[in-house]
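K.L.:
Next input, structure requested:
(chains A and B)
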Amino acid sequence: MFAFILRRIIQAIFVMLVISLVGFSIQHQIGDPVRDLVGERVTPAEREVIRDQLGLNDPFYIQYFRFIKNACKGDLGLSFFYKKPALEVIVSKAPATIELVIVTAIILILVSIPSGIYAAIYPKSWFSRLVMAASTIGVAIPVFLTAIALIYLFGVELNWLPSYGRGETVNIWGWESGFFTWDGLKHLVLPSISLSSIMLPLFIRLVRAEMMEVLETEYIKFAWAKGLHRQRVWFIHAFKNTLLPVITVFGVQLGILFAFTILTETVFQWQGMGFMFLEAVERSDTSLLVAYLVVVGVIFVVVNTIVDIVYGYVNPMVRIVGTK
Amino acid sequence: MKKLFVFCLTIAMLFSLGSIAGAKTLKLGLDAGPVSQDPQVQLSGGMLQYSHWVFDPLVRYAQDMHFEPRLAERWERLDDLTMRFYLRKGVKFHSGNPFTAKDVKFTFDRFYKSPDFKGLFTPFKGCYIVDDHTVDIKTHKPYALLINMATYIFPLDSKFYTGVDATGQPKDAVVKIGPSFALKNESGTGPYRVTHWEQGAKYIFERFADYWDKNSPGNVDKIILTPIKEDATRVAALLSGDVDFITPVPPQDFKRIQKDKKVKLVTFPGGRIITVQLNQKRRSEFANVKVRQAIVHAINNEGIAKKIMKGTATPAAQQSPKGYMGHNENLVPRYDLRQAKKLMKEAGFENGFECTMIAPNNRYVNDEKIAEAVVSMLAKIKIKVNLKTMPKAQYWDEFDAQVADIQMIGWHSDTEDSGNFTEFLGMCPNKETGYGQYNSGNYCNPKIDELTLAAQSETDLKKRTAILKEIEKILYDEAAFVPFHWQNHSYAGKNNVNIRPIVNTMNFPYLGDLVIK
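P.N.:
Down below sits the predicted model:
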């Protein structure tokens, strides 16, 4: 176990280096951060002075090594727009994104599992056909379209739900949470539905396919032959084995879900990391961009490591290489 | 259990806070928020808007462009180089300190520490204290725009900004990046105090109880500003009632807002001229005045204002909008395709030519669509244009490098005066003086330079008007650039928000005077 974690840490460091290098080389294509810091009237000479102060005129490798040196001390640089350490900005934006992803994950689980199972058990019922048709359409519609359609329907026309932002939040030990106010919860509804709309079709289809496959296996046939109650067959015997591959896919897709928060958060003006990222691109806040890439890289590596470890416990047949 | 109790109590308190009766709150949705609490750190429209809420200028523009006394009660010209300002008495800063001449001098001197402002203030010699409530502002040469520049002077509380902060940095330091005292603290004389500041996410301003202007009709106690960048979301937020006031309003949503009975749309003519410049250094064809004339005749800018801008722009034939000193009534748009073709033939380019063009795609309203319209309009006189558009973050470097034959630029005069347009866009580019800094057409006419410099120091307003009008005429006749329109500002709000009286050409909504019924 120790060797495994050690190897993962070394891998993570390597991944970080590659990501920061990529981030560093693309940042010059995004634009000049100084342009966004000064008015349009400022002379080129004044801009040069600021560029010098920021060290943007140094050769690429010097800038990169300076970044790495500071990064080792936990300093990912100052955000040009927020005028605060980039890491601090990202940490302050993280709760919004994490809460959005949590609610989305709950919606995914609560909707995809029952409807997937239903569609597998009664493949010919009108409801199953409806779900399958809807999921095909769902895959095809881009998330920002879903989001804008939802805003116009529930926000503008029906006026049931707020159209943007996080609403009222409560600060609990430094974590700005929208879970504990009615207003905050209302604000969570539309963004999380939009975000889940991307993954929902996939999961419904996955659960359905797995369940159907399991229902065809010998041990289920045997269970039927034993005369077990059908609820027991479906929900205890079949469902358990359906779940395993679903968990694996869920772990992988969780990362992708974070990526899709960029679009969803932008449409809903959701003050999370995804929104911050897109804004940073527009403002060419390059130091924040690189910091974001590095932090997301860390999250991916950590999540994957945890999934691998957990998976080993859930399914003892899968042994992590390196454990004894 | 104890924690749970404290938690419930917090929630209960939050609910009770929201229900205090009678207080008028404005929920404001802008496309971007201010970047700092320091009004002198960046010269941009957004920061000047903020300055008018939290600080007060010596004088400001009224809706009809006359100068309105604010912290300066009156002013008089002592001689060609000096203007005397008599300051308002009994004014208090948010910190409680009284406002005096010392604060004006402190603020004036601080301009020279700011890279954004020092350029604008180079014509000035300095600010001199006469007594506690009188200052003299002097220029090096006679300067016609002295009073215009006083609209930029938003006095800071000199006592408040003097000394060093906890990190040992002077409190008056102008810091572009990184923490500073002025970034996070303010003490102005304005109608609102900053009470909550979450950069780029949420800002709360509360009415300053000791505000000097008791005659202001403004009755808003609290402003909650949320930047909403996405156009569709901003409009939806207004239509759903989540915010009370938005700006800008995207032209494609005008009809939607006009149809809705709960909200109203207000537009106001702006001073930003949108143009393209034809680079004569890159293309010899553009050095030919006939070709430039042909292009101006081929561009149907009235059509663009109507179709692409949905009527939210005023078609232009010159730089100065109506109300500016140099605005020349005789210059009108001149779309005439037949004339354009004739001119091309006379110039010897009957068969046209091919050239390149760049334009931003997120800087001006519908910039990309305007550029596309140019391509199809010029195709009619057989000029094939290869267009490339890009986000503003990348655009200005390309613009400066003059990578294309035709380049788009919009300009709003810093001084609300005609001269500023020509200084930056029309004069011969000169690296030493900085004139013609954004003249990527490289149009160069010594007569224009001479007239523009003469206008700067001409303090006789009649003579000055004549000079500025002549400049516009020459630029028009020589087709020095291709004008499109002046962008209008657009605002939308709930019916009880009285937007009309507080908006102006500069796009500085004076929220201090806003009335909510």
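K.L.:
buried residues in the lengthiest helix in chain A?
P.N.:
Of all segments of type helix in chain A, defined using DSSP state H, the longest is helix A:86-121. Going by neighbour count (16 or more other Cβ atoms under 10 Å in any protein chain shown), the buried part of helix A:86-121 is A:86-87, A:89-90, A:92-101, A:103-105, A:107-108, A:111-113, A:115-121. For every residue, glycine as well, the C-beta is placed using N, CA and C.
K.L.:
Repeat that for stretch A:271-284.
P.N.:
Going by neighbour count (16+ other Cβ under 10 Å), the buried part of stretch A:271-284 is A:271-277, A:279-284.
K.L.:
how far away is the closest residue to B:Phe124 other than its chain neighbours from A:Val42?
P.N.:
Of all residues not flanking B:Phe124 in the chain, B:Thr139 sits nearest, at 5.3 Å (Cβ to Cβ, 6 or more residues apart in numbering or on different chains). B:Thr139 is 21 Å from A:Val42, where distance means Cβ to Cβ, to the nearest Å.
K.L.:
Kindly report the same for A:Phe300.
P.N.:
39 Å.
K.L.:
Burial check on A:Val34, number of neighbours?
P.N.:
22 (other Cβ atoms under 10 Å in any protein chain shown).
K.L.:
so it touches A:Asp52, yeah?
P.N.:
No: A:Val34 lies out of contact with A:Asp52 (Cβ atoms under 8 Å); the separation is 10.2 Å.
K.L.:
just checking, A:Ile68 is part of a helix?
P.N.:
Yes: counting by DSSP: H, G, I helix; E, B strand; the rest coil, A:Ile68 falls inside a helix.
K.L.:
Show the contacting residues for B:Pro142.
P.N.:
Residues in contact with B:Pro142, defined by Cβ atoms under 8 Å, 6 or more residues apart in numbering or on different chains, are B:Asp80, B:Leu81, B:Ser457, B:Glu458, B:Thr459.
K.L.:
Tell me the helices and strands packed up against the longest strand out of those in chain B.
P.N.:
When chain B is scanned for its longest strand (criterion: DSSP state E), the result is strand B:263-278. When contacts are defined as 3 or more Cβ pairs under 8 Å, 6 or more residues apart in numbering or on different chains; DSSP states H and E, strand B:263-278 sits against helix B:254-259, helix B:367-379, strand B:406-411, strand B:482-494.
K.L.:
Return the distance of the very next helix or strand once past that strand from the chain's centre.
P.N.:
Downstream of strand B:263-278, the next assigned helix or strand under DSSP states H and E is helix B:289-298. Offset of helix B:289-298 from its chain centre (Cα atoms, centre = their mean, to the nearest Å): 30 Å.
K.L.:
what do you get for stretch A:50-67?
P.N.:
For stretch A:50-67, the distance to the chain centre is 32 Å (Cα atoms, centre = their mean).
K.L.:
Ok, stretch A:153-167 next?
P.N.:
23 Å.
K.L.:
So what are the sheet partners of the longest strand of chain B and their directions?
P.N.:
strand B:406-411 (antiparallel), strand B:482-494 (antiparallel) (DSSP bridges).
K.L.:
I'd like the ones you listed as JSON lines, with distance to B:Gln42 and mean pLDDT appended.
P.N.:
Putting the strands paired with strand B:263-278 into JSON lines (distance: least, Cβ to Cβ, whole Å; pLDDT from 0 to 100) gives the following:
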{"stretch": "strand B:406-411", "distance to B:Gln42": "18", "mean pLDDT": "95"}
{"stretch": "strand B:482-494", "distance to B:Gln42": "20", "mean pLDDT": "94"}
